[in-house]
Each structure stands twice: as structure tokens, then as C-alpha cells.
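Student: Sequence plus predicted model, see below.
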Amino acid sequence: MAGRTRPVGGRAPARSAWPWVRLLGGLAVLAALVWSVGAGPFLAGLRLIDPPALVAALGIGALTTVCCAWRWSLVAGGLGVRLPLATAVAHCYRAVFLNSTLPGGVLGDVHRAVRHGRDAGDVARGVRAVVWERTAGQVVQLGIALAVLAVLPSPVRPYLPALAAALAAAALGLALLVRVAPRSGASRWARAVRTAGSDIRAGLLARRAWLGVLVASAVVVAGHLATFLVAARTAGADAPLSRLLPLTLLALLAMGLPANVAGFGPREGVAAWAFAAAGLTAGQGVAAGTVYGALVLVASLPGAAMLLAGRSPAARPGECR
């Protein structure tokens, strides 16, 4: 008995420690930035936010949220867990608000995945639908980033051939691994391969889904880029768009790292490095990243209202979980 309880007790701390590791990683990045450039760029960025920037953020945020919801609805429908677009929009607004205010930047997506799965009666498929639609968005964003960075000058342009080769090798290795993996049998690995293959075919590559997923993802990336460009202009970066665009793409890619504090951390760190390497200043990069975070938070405020409405006494039974 004692020999069996040790492994279980040993795994639990590792699971509970991971969120703290991500939070501390984001705090460490922010601390390093404050030590390097001071708190001035953070505060200056917030002071420079004006009404036109807020209005632009709200409008762009509405468009990107609807496109995210459309992509999610398409993928969920392909997996057999129906999701009306209006419901998806409400869930996505709540998710963006939670992602913008809670550590890690993914808790809002976890919330919408579990809630939709419970509402649909299949939590596993609900979670997989969110995982696949988010993965599709990241893949499209990476593809757009590689194309833009290959055309426009940026600090990473000399390293793009090596990066592209590494990504191609990784994709080939993954394809070979999936090809040789057992598809029959009752092992966990075989079931996972079968489920993943079925999900990709039905949720992402189906005739009714793939084009919509691609278009929605491209619009979402364009919306995030537009918001970051608004933030950069608001923060005082007056460089040409051809110079700013690749820098904003690098900062957006950094947002995929899970070590952040309510979205802040790696984004500002990469923006500081990229702006400085491109001949601007690290302070401008930090200010632009700070303004972007604030604009995203403002654009997500309808999600806060929806969260409050869902917890009010007038909410329908079973609506708040």
C-alpha cells in the first residue's frame, strides 16, 4: 500500500506547480524589463491611450471575436457537438476577457471548452473542439508570419531558412510518426491516433469546414496585427508600416508562450528586443506591447458584462456552471 501511494502523491505537486511556474516566468520577464528600461515605458504607454484607439480596438475586437466564434462553431460542428454562432460569440467574449485578466492566458479557453462540452453532453469533444480550432489558428498565424517575415526586413530574417527547415523537418517527423503509429488495437496510443485523425478530417479538413477555418483564422491574424499597429502608433512609433509589421508579428508570436501575467510578459519582452534590433528603441517596444494589452482588455469588456449577466439571479437555471 505504501509503495502505491508514493507515485500518486509525487505527481500531484508537479501538476499544481506548473501554473506557478508559468506565472513566475511571466513575472520574471516583466521584472527583467523593468530593470532594463524602467517603469516609464509601461506608464507612458497607458497615458498615451486615446479615444480613437479605444474605438478602433472595440471594433477590431468585435470582428476578431466573431471570426474566432465562427471557426470554433465550424470545428465543433464537424466533431458532432453543435454550437450556434451566437452562443459561440458569447463564449468567446468571456474567454477573451478571462485570458486578458488571469495568469497564463489560456484559462478563458479552458472555461469555454469545458462549459460547451457540458452543455453538449460530451466534455471530451468540447475540449477537443477548442484545442483543434486554436491549433488551426496558430498554424495559420505561423504561416502568415513566415511569409511576411520572408518578404519584409526584420531582425530574424537571416535565420528564416534555418527556421523553415526545422519546421519542415518537425512536420515531416510528425507525419512519419503518425503514419507508423498503430491504428488498430485498444492501446491508449492507438486510440489517440485514431481520434486525432478523425478529428482533423471531420473538424478541420472537411469540405464544409476547411475554407471557413482558413478565412476566419486569416481575418483573426489580420485583426490582431491591426490592433498592435494601432497600439504602436499610439505609443509613438512613427516608423513605416513595412518596418513595423514584422515587429508586431514577432510580438504576437511571443504571445503563444504560456508564461505571462494576464497576457503581459513575453509579448513586451520580444517587442522590446525586436524594436531595438530594428533601429527603434526598446522603450517603444515595451510601450507598444503595453498599449496592445490594454486595448485587448478594453475590447474584451463585453465579455465581462456577459460574465456578470450569467451570474445574476435572472440567469436561466443551469446557465452558470
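Tutor: Great, that's in hand. Numbering: from 1, shown residues only.
Student: quick one: buried residues of stretch 222-233?
Tutor: 223-233 (16 or more other C-beta atoms under 10 Å). Using the backbone N, CA and C atoms, a C-beta is placed for each residue, glycine as well.
Student: From those, pick the one nearest residue 193.
Tutor: residue 224 (32.5 Å; C-beta to C-beta).
Student: if I look at the closest one, how far off is residue 218?
Tutor: For residue 224, the distance to residue 218 (C-beta to C-beta, to the nearest Å) stands at 11 Å.
Student: one step back: what about the buried residues of stretch 222-233, which are in helices?
Tutor: Residues of the buried residues of stretch 222-233 located in helices (DSSP state H): 223-233.
Student: Low-confidence ranges, the stretch 1-150 of the chain, go.
Tutor: Flagging of the stretch 1-150 of the chain using pLDDT under 70 yields the residue ranges 1-22, 104.
Student: Could you pull out the helices in it for me?
Tutor: 2-37, 40-48, 51-78, 85-101, 107-120, 123-151 (DSSP state H, counting those that start in this stretch).
Student: same check, this time on the stretch 201-321 of the chain
Tutor: Under DSSP H, counting those that start in this stretch, the stretch 201-321 of the chain gives helices at 210-234, 241-254, 266-277, 282-299, 301-311.
Student: Specify the stretch among those helices that is closest to residue 61.
Tutor: helix 282-299 (2.7 Å).
Student: Just want the phi and psi numbers for the spatially most central residue of the chain.
Tutor: With distances taken as C-alpha atoms, centre = their mean, residue 256 lies nearest the centre of the chain, 5.5 Å away. Backbone torsions for residue 256, taken as degrees, to the nearest 10, come to phi -70, psi -20.
Student: For it, list the residues it contacts.
Tutor: Counting by C-beta atoms under 8 Å, 6 or more residues apart in numbering, residue 256 touches residue 138.
Student: separation between it and residue 86?
Tutor: 28 Å.
Student: again, but for residue 238
Tutor: In this view, residue 238 and residue 86 are 41 Å apart by C-beta to C-beta.
Student: What of residue 265?
Tutor: 33 Å.
Student: Between these two, tell me which one has more neighbours.
Tutor: For residue 265 and residue 86, the more surrounded residue by other C-beta atoms under 10 Å is residue 265, and the numbers stand at 30 against 10.
Student: can you list the helices of the stretch 1-150 of the chain in JSON lines and add distance to residue 207?
Tutor: Below are the helices of the stretch 1-150 of the chain laid out as JSON lines (distance: least, C-beta to C-beta, whole Å):
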{"stretch": "helix 2-37", "distance to residue 207": "38"}
{"stretch": "helix 40-48", "distance to residue 207": "45"}
{"stretch": "helix 51-78", "distance to residue 207": "10"}
{"stretch": "helix 85-101", "distance to residue 207": "19"}
{"stretch": "helix 107-120", "distance to residue 207": "23"}
{"stretch": "helix 123-151", "distance to residue 207": "16"}
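Student: With respect to residue 160, which of the ones you listed lies nearest?
Tutor: With C-beta to C-beta as the yardstick, what comes closest out of the helices of the stretch 1-150 of the chain is helix 123-151 (5.7 Å).
Student: And that closest one, how far out from the chain middle?
Tutor: Computed by C-alpha atoms, centre = their mean, to the nearest Å, the chain-centroid distance of helix 123-151 equals 9 Å.
Student: go on, stretch 151-167?
Tutor: 22 Å.
Student: Which positions in it come out as buried?
Tutor: For stretch 151-167, a neighbour-count test (16+ other C-beta under 10 Å) marks 152, 154-155 as buried.
Student: re earlier: of all the helices of the stretch 1-150 of the chain, which lies closest to residue 296?
Tutor: helix 85-101 (5.5 Å).
Student: packing partners for that closest one?
Tutor: Applying 3 or more C-beta pairs under 8 Å, 6 or more residues apart in numbering; DSSP states H and E, we find helix 85-101 packed against helix 51-78, helix 107-120, helix 282-299, helix 301-311.
Student: Name all residues that make contact with the nearest residue to residue 63 once chain neighbours are set aside.
Tutor: Spatial nearest neighbour of residue 63, chain neighbours left out: residue 223 (5.6 Å); criterion: C-beta to C-beta, 6 or more residues apart in numbering. The contact partners of residue 223, taken as C-beta under 8 Å, 6+ apart, are 60-61, 63-64, 67.
Student: Dump those into CSV; add neighbour count and distance to residue 121 as well.
Tutor: CSV is the format used below for the contacts of residue 223 (neighbours: other C-beta atoms under 10 Å; distance: C-beta to C-beta, whole Å):
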residue, neighbour count, distance to residue 121
60, 20, 35
61, 24, 31
63, 15, 31
64, 23, 29
67, 23, 27
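Student: Much appreciated, bye for now.
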